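**Student:** Would you be able to build a 3D model of this:
(2 chains)
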Amino acid sequence: MDYPAKRALREGTRMKTRIAELRKQQKISQEQLALKVGVTRQTITSIEVEKYIASLPLAYKIAHFFGLTIEEVFDFSEVEMF
Amino acid sequence: MAEKGMTAFKESLRRRVWFCAAGCAGAVMLAVALFAWVKPPDMDEHLRGFIQGMQAGMLSCAFAFFLLTGIRCRRALMEASRLKRIYIAENDERRRMIRDKIGSVSFLFMMIVLTVATVIFGYYDKTVFFTLLGVTLFVSMTKVGMKLYYQGKY
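**Tutor:** Predicted structure coming up:
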């Protein structure tokens, strides 16, 4: 089955996020954020540099950690709508 | 962290400790069997030396792998922060995706079977030994290459 997230990864679609900016505001390292949301530091790096698109549960955890909604952390403006 | 998931993970680590202990014992037993009991095959001395060296190296690597993995799992079971780090590393969604993409589990199984087969066949047939050795090296290089590629890509 061709899931949109899988297709986006395969086609090299990137998703902008405000994670780095929010981390800097709150003075939190990638390592600390990673431990809080249950992923490795490398995954946070990959999401920040738009190499990897977080799954919905992970996006929710990250947004919840910053006390924001998913849309406030992740930029969906470039996601194709059908 | 989900308590249920962590309990299951601890149980899995306990099983892994036993599996690693069995792996260490197996590597030692195979080494003893091959080097102390089995009469070396009739072949050129240099070739025999090479094959025995490869066998010793592969068995040492297998022993070291099982020993270090076992120690890592045992220490994680005794220390909560280490346990959390290993749990996160193993359940990280990006790493899981990479593992799935390269078929890590089947690669590992193949490597174990090929290593054992290579070591054993060194005593029976040099052609089979070199073929298996080549396949083992190719499989491990492929795995390393694919892992590096996907880690760079995602």
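**Student:** any chance you could map the helices in chain A?
**Tutor:** Secondary structure of chain A by DSSP state H: the helices cover A:4-10, A:19-26, A:30-37, A:41-48, A:56-66, A:70-73.
**Student:** could those helices go into TSV alongside mean neighbour count and mean pLDDT?
**Tutor:** Backbone N, C-alpha and C define where each C-beta goes, glycine included. Listed next are the helices of chain A as TSV, based on neighbours: other CB atoms under 10 Å in any protein chain shown; pLDDT from 0 to 100:
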stretch	mean neighbour count	mean pLDDT
helix A:4-10	13	54
helix A:19-26	14	94
helix A:30-37	17	93
helix A:41-48	20	94
helix A:56-66	17	94
helix A:70-73	14	91
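**Student:** To B:F121, which of those lies closest?
**Tutor:** Taking CB to CB as the criterion, B:F121 comes closest to helix A:41-48 out of the helices of chain A, the separation being 39.1 Å.
**Student:** packing partners for that closest one?
**Tutor:** Secondary structure elements in contact with helix A:41-48, counted by 3 or more CB pairs under 8 Å, 6 or more residues apart in numbering or on different chains; DSSP states H and E, are helix A:19-26, helix A:30-37, helix B:93-102.
**Student:** need those in JSON lines with distance to B:A117, can you?
**Tutor:** Formatted as JSON lines, those follow (distance: least, CB to CB, whole Å):
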{"stretch": "helix A:19-26", "distance to B:A117": "47"}
{"stretch": "helix A:30-37", "distance to B:A117": "40"}
{"stretch": "helix B:93-102", "distance to B:A117": "22"}
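**Student:** Near residue 74, how many other residues are there?
**Tutor:** Using chain A here. Using other CB atoms under 10 Å in any protein chain shown, A:F74 has 21 neighbouring residues.
**Student:** Please refer instead to chain B.
**Tutor:** Around B:R74 sit 16 other residues, with neighbours defined as other CB under 10 Å.
**Student:** can you check the one 4 residues further on too?
**Tutor:** Using other CB under 10 Å, B:M78 is surrounded by 8 other residues.
**Student:** what does A:I28 give?
**Tutor:** Residue crowding around A:I28 was assessed by other CB under 10 Å; the count is 15.
**Student:** and B:R85, what pLDDT?
**Tutor:** According to the predicted model, the pLDDT of B:R85 comes to 90.
**Student:** list the buried ones in the helix or strand encompassing it?
**Tutor:** Of the helices and strands defined by DSSP states H and E, B:R85 is found in helix B:80-91. Residues of helix B:80-91 classed as buried: B:83-84, B:86-88 (neighbour count, 16 or more other CB atoms under 10 Å in any protein chain shown).
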